[in-house]
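**Q** Let me see the structure of the following:
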Amino acid sequence: MINTTSLASSAQKSSHRAKGEPLAMRLEPSCSRLDCSKQVVTSFEQRDFCFDHFCARCYELLERSDRGGVLAVSSQEFHDEMLALDECAKRALEISLSLPLNNLDRARLLDILLWTGDLTSTLLRRRTAPPEILETKGKAIGRR
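**A** You can find the predicted model right below:
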């Protein structure tokens with residue numbers, strides 16, 4: 001005789017997986033962006049990202065920092081921006097050293113690393129430069 005309670009229990013357990021999907025694949029963490037089921041490659045700004053979304057988030061941060069062109073109002077905002085740029089560079093380096101990447105993906109990470117380095121140097125120069133230098137050279141510093 002067939003045990004119907006064990007069949008029902010087995011059916012409930014298997015209903016959480018797609019047909020033919022191994023259990024191990026389901027347990028891998030996925031990207032924190034909506035509608036993305038790609039595997040996580042790093043955690044950045046306390047969120048888990050796949051490779052493509054990590055790069056996209058870094059470019060959002062870099063563009064915002066580069067476009068800002070003006071120093072952060074408070075020391076805390078400046079400190080937070082510098083920490084975010086530093087974390088971005090560190091995570092890009094971690095990924096480049098830990099994953100097998102094609103040349104295009106390596107180039108994306110290198111671009112992120114170089115851009116964060118440029119922005120960090122520019123922001124530090126602006127923060128420590130005398131106000132009269134910033135007024136005369138404001139358009140030249142940090143503009144691409």
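**Q** Strands of the chain, start to end?
**A** Under the criterion DSSP state E, the chain carries strands at the ranges 42-44, 47-49.
**Q** Dump those to CSV, plus mean neighbour count, mean pLDDT and distance to Ala92.
**A** C-beta here means a position set from N, CA and C on the backbone, and glycine is covered the same way. Listed next are these as CSV, based on neighbours: other C-beta atoms under 10 Å; pLDDT from 0 to 100; distance: least, C-beta to C-beta, whole Å:
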stretch, mean neighbour count, mean pLDDT, distance to Ala92
strand 42-44, 18, 91, 9
strand 47-49, 18, 93, 11
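**Q** would you list these in TSV and tack on distance to Leu99?
**A** Rendered in TSV, the data for these read as follows (distance: least, C-beta to C-beta, whole Å):
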stretch	distance to Leu99
strand 42-44	9
strand 47-49	13
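**Q** Would you check how far apart Glu28 and Lys38 are?
**A** From Glu28 over to Lys38 the distance is 10 Å, taken as C-beta to C-beta, to the nearest Å.
**Q** Contact partners for Ser43?
**A** With C-beta atoms under 8 Å, 6 or more residues apart in numbering as the criterion, the residues that contact Ser43 are 49, 91.
**Q** quick one, what contacts the closest residue to Asp52 other than its chain neighbours?
**A** In space, Asp52 comes closest to Lys38 once its chain neighbours are excluded; the distance is 7.1 Å by C-beta to C-beta, 6 or more residues apart in numbering. Lys38 makes contact with 30-31, 50-53 under the criterion C-beta under 8 Å, 6+ apart.
**Q** Cool, thanks, signing off.
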